[in-house]
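Engineer: Below are the sequence and a predicted model for it; my questions follow.
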Amino acid sequence: MSHLATEQAKAETAAPLGLYLHVPFCASTCDFCAFYQTTPTAKTVESFLAGIKREANLVVWPRPVTTVFWGGGTPGLLAPDDLRRLGTTVRSVLGGGGPAEWTVELAPASVTAERLAALREIGVTRVSLGVQSFQPSLLDALGRQHTRAQVDRAYERIRAAGFASVNLDLMFALPGQTAEEWAADVRTAVALAPDHISTYCLTFEEDTKLWVKLSEGRVKLDPENEARLYEATWAQLAAAGYAQYEVSNFARPGHACRHNLNTWRMHEWVGLGPSAASQQAGWRGANIADLDLWLAHVADGERVTEDRVALTPALLAEDALIFGLRVNAGVDVSAWRERCPGAPWVAVEALLQRLVDDGLALRAGSVVRLTDRGRLLADSVGAEVMAAFAEEEAMTL
């Protein structure tokens, strides 16, 4: 083996590998949620657990898993013994010791001491609690099925259980929410002293109840208000000691979400469960968003059957720029030029220079990162990156 091939093999061996597991069960559907979900029954839970084990055995695991993330749905709806069973399946494919980080999303109403004990037992290190708001009227407007008292009780139990890291999810620009109410939510979250805070601007996804309200004119978009709330949030959390490391994510030192960072940096991850996406072995795709059909596919030895595309150098470089620019540290353009020389770098360099000239980005050597104003327009910047790649592709056809 040549020196270059040896170095490449070492790099691939050392690269992070994530595992995302989608638990599709929810007791009710929140007005803003577009993720695949279904109501749990004893039969569907049993089928799901068996299906996960079967699908995990279909995967060719190239190296040890470094991060695990259980999302949903509501993973916390599973009974403690079911959580242990799911954890046993995951541990069987980790390829050695425990992962560096293992996150589970929980809804406040589902947090019990027994479930937390089961999660600690299987090796979970990080809990992400879906608070969304501390205001009862706003929770009701979102269709969230928990109370402020349940949030406080859930957080106390999570801390008492001794997890290494705890995140709180919050949402802003909610229908009827004032700037004062949002600032109060942030203050309340900070007072709890979590290790990580995620603040998401409400988005209106098709096929959700909020989308219907928007289309009927019962709620309205206000981009200028959203920008003001973004800036106020960044200042408030910075003053409280939470460093922004991505447009919507803030952490105390050492508590940034490694799984998400690895995903944004275009490393590989395996998705298990209905609707779970994967990026591995030169391909990206997703499982079908239907529990019964997913089970049928897995029984036939099939997975990642939906939206399956080859990870061309151009596609990888495009997404590395889109997601990397959302991260405060930015993107090392030279590293990606070396990794993906076939991408349209002349068009990309022109776009990046335009972003710098417009005050939306800064460049230090080969690293490009967005300014505060650029981060406010991160979605628009991402659209421009996509347009640059699409234009170059059209010219080559």
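Structural biologist: Ah, there it is.
Engineer: Could I get the full set of strands for the stretch 251-397 of the chain?
Structural biologist: For the stretch 251-397 of the chain, strands defined by DSSP state E, counting those that start in this stretch occupy the ranges 268-272, 277-280, 283-286, 306-310, 331-332, 361-364, 367-370.
Engineer: Let's have those in TSV, adding distance to Glu246.
Structural biologist: (C-beta placed from N, C-alpha, C; glycine too.) Formatted as TSV, the strands of the stretch 251-397 of the chain follow (distance: least, Cβ to Cβ, whole Å):
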stretch	distance to Glu246
strand 268-272	17
strand 277-280	18
strand 283-286	21
strand 306-310	24
strand 331-332	13
strand 361-364	16
strand 367-370	11
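Engineer: Of those, which is nearest Asp152?
Structural biologist: strand 268-272 (32.9 Å; Cβ to Cβ).
Engineer: Convert the C-alpha atoms of that closest one to CSV, please.
Structural biologist: Only the C-alpha atoms of strand 268-272 are listed here, as CSV (Å, rounded to 0.1, in the frame of the first residue of the first chain):
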residue,chain,number,x,y,z
GLU,A,268,-21.1,9.6,7.9
TRP,A,269,-24.1,8.5,9.9
VAL,A,270,-26.5,5.6,9.9
GLY,A,271,-30.2,6.1,10.3
LEU,A,272,-32.4,3.4,11.8
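Engineer: Give the other helices and strands that it contacts.
Structural biologist: For strand 268-272, the packing partners by 3 or more Cβ pairs under 8 Å, 6 or more residues apart in numbering; DSSP states H and E come out as strand 17-23, helix 42-58, helix 258-264, strand 277-280.
Engineer: on that earlier part again, and the strands of the stretch 251-397 of the chain, which is most packed in?
Structural biologist: strand 268-272 (a mean of 25; mean count of other Cβ atoms under 10 Å).
Engineer: Go ahead and confirm Gly66 touches Ala14.
Structural biologist: One correction, residue 66 is Thr, not Gly. No: look at Thr66 against Ala14 with Cβ atoms under 8 Å: they stay out of range, at 9.7 Å.
Engineer: and these two? which has more neighbours close in?
Structural biologist: Neighbour count, other Cβ atoms under 10 Å: between Thr66 and Ala14, Thr66 has more, with 21 against 9.
Engineer: Contacts only, for the closest residue to that one other than its chain neighbours.
Structural biologist: Using Cβ to Cβ, 6 or more residues apart in numbering and skipping the chain neighbours, the partner closest in space to Thr66 is Pro16 (4.5 Å). The contact partners of Pro16, taken as Cβ atoms under 8 Å, 6 or more residues apart in numbering, are 66-67, 258, 262, 267-268.
Engineer: For the residues you listed, work out which two are farthest apart.
Structural biologist: Farthest pair in the contacts of Pro16 (Cβ to Cβ) is Arg258 and Glu268. Separation: 14.0 Å.
Engineer: Now do stretch 68-87, average pLDDT.
Structural biologist: Mean per-residue pLDDT for stretch 68-87: 95.
Engineer: For it, which residues meet the burial criterion?
Structural biologist: 68-78, 80, 82-83, 85-87 (16 or more other Cβ atoms under 10 Å).
Engineer: What about those residues, which are in strands?
Structural biologist: Among these, the ones falling in strands (DSSP state E) are 68-72.
Engineer: Quick check: of these, which lies closest to Thr125?
Structural biologist: Val68 (9.0 Å).
Engineer: is it true that Arg373 touches Gly359?
Structural biologist: Yes: between Arg373 and Gly359 a contact is recorded at 6.1 Å, counting by Cβ under 8 Å.
Engineer: shared neighbours of these two, anything?
Structural biologist: By Cβ under 8 Å, 6+ apart, no residue touches both Arg373 and Gly359.
Engineer: Look at Thr38 and report its pLDDT.
Structural biologist: Predicted confidence (pLDDT) for Thr38: 75.
Engineer: Next, find the distance separating the residue most central in space within the chain from Thr188.
Structural biologist: Closest residue to the average C-alpha location of the chain: Asn260 at 5.6 Å, with Cα atoms, centre = their mean. Separation of Asn260 from Thr188 (Cβ to Cβ, to the nearest Å): 24 Å.
Engineer: Going along the chain, name the helices of the stretch 51-200 of the chain.
Structural biologist: 80-91, 113-122, 136-142, 148-161, 179-192 (DSSP state H, counting those that start in this stretch).
Engineer: list the helices and strands the last one packs on?
Structural biologist: Okay, so that is helix 179-192. strand 165-172, strand 196-201, helix 223-239.
Engineer: Quick one: closest of those to Ala320.
Structural biologist: Of the helices and strands packed on helix 179-192, nearest to Ala320 by Cβ to Cβ is strand 196-201, at 21.8 Å.
Engineer: would you put the C-alpha positions of stretch 97-116 in PDB?
Structural biologist: What follows is stretch 97-116, C-alpha atoms only, in PDB (Å, rounded to 0.1, in the frame of the first residue of the first chain):
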ATOM      1  CA  GLY A  97     -16.900   0.700  24.100                       C
ATOM      2  CA  GLY A  98     -19.600   3.300  24.500                       C
ATOM      3  CA  PRO A  99     -20.000   6.300  22.200                       C
ATOM      4  CA  ALA A 100     -18.500   9.600  23.100                       C
ATOM      5  CA  GLU A 101     -22.000  11.100  23.200                       C
ATOM      6  CA  TRP A 102     -25.400   9.500  23.400                       C
ATOM      7  CA  THR A 103     -28.400  11.800  23.200                       C
ATOM      8  CA  VAL A 104     -32.100  11.100  23.800                       C
ATOM      9  CA  GLU A 105     -34.900  13.500  23.100                       C
ATOM     10  CA  LEU A 106     -37.600  13.600  25.900                       C
ATOM     11  CA  ALA A 107     -40.900  15.400  26.300                       C
ATOM     12  CA  PRO A 108     -41.500  16.800  29.800                       C
ATOM     13  CA  ALA A 109     -44.700  14.800  30.300                       C
ATOM     14  CA  SER A 110     -42.900  11.500  29.700                       C
ATOM     15  CA  VAL A 111     -40.000  12.000  32.100                       C
ATOM     16  CA  THR A 112     -40.100   9.500  35.000                       C
ATOM     17  CA  ALA A 113     -37.400   8.400  37.400                       C
ATOM     18  CA  GLU A 114     -37.800   4.800  36.000                       C
ATOM     19  CA  ARG A 115     -37.200   5.900  32.400                       C
ATOM     20  CA  LEU A 116     -34.200   8.000  33.300                       C
END
